[in-house]
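Asker: Everything below, folded, please.
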Amino acid sequence: MGITLTEKAATEVKRIMEEKKMEDDMFLRVGVAGGGCSGFSYSLGFDKAIDEKLDSKVDMHGVTVVVDKKSALFLDGTTVDFYDGIERRGFTFDNPNAVKTCGCGSSFQA
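Answerer: Below you'll find the predicted structure:
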């Protein structure tokens, strides 16, 4: 799988999972969906259903990350980080496949 979850992002994912008292078998699903002002939008969510034929799974910094194979084509080489600043706070995506992104950073064109 060509996605990297930074240690800072993993720490935030674990904090959220603990705060929401999620079950131990939950994992972080990273994906791409059609939509957004640039064509595709990133998706992050928690899930526990996995399809071994359609999903790739890897552990990064103690967080299980799952990506479906279709999304993996658009996310290869992407780094998911967590930014916590005065002006904004949230997960960020550094995607080398994006040829155009929107101003908010939540959608892209590949």
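Asker: The residue lying farthest from the centre of the chain in helix, strand or coil?
Answerer: No residue in the chain sits farther from the centre than Ile86, which is 22.4 Å out by C-alpha atoms, centre = their mean. On the three-state scheme (DSSP: H, G, I helix; E, B strand; the rest coil), Ile86 is labelled coil.
Asker: If I look at it, what pLDDT would I see?
Answerer: Listed pLDDT for Ile86 reads 90.
Asker: what pairs with the one residue sitting closest to the centre of the chain across the strands?
Answerer: When C-alpha atoms, centre = their mean is applied to the chain, the residue found nearest the centroid is Val30 (3.6 Å). Counting by DSSP bridges, Val30 forms beta bridges with Leu44.
Asker: got a list of what it touches?
Answerer: Val30 makes contact with 3, 42-44, 65-67, 71, 75, 80, according to C-beta atoms under 8 Å, 6 or more residues apart in numbering. Where you see a C-beta, it was placed from the backbone N, CA and C, and this is true even at glycine.
Asker: Identify the residues contacting Ser56.
Answerer: The contact partners of Ser56, taken as C-beta under 8 Å, 6+ apart, are 1, 66-69, 72.
Asker: Show me how to select, in PyMOL, the buried members of these.
Answerer: Per 16 or more other C-beta atoms under 10 Å, the buried members of the contacts of Ser56 correspond to this PyMOL selection:
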select buried, resi 1+66+67+68+72
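Asker: Show only the entries of the contacts of Ser56 found in helices.
Answerer: 69, 72 (DSSP state H).
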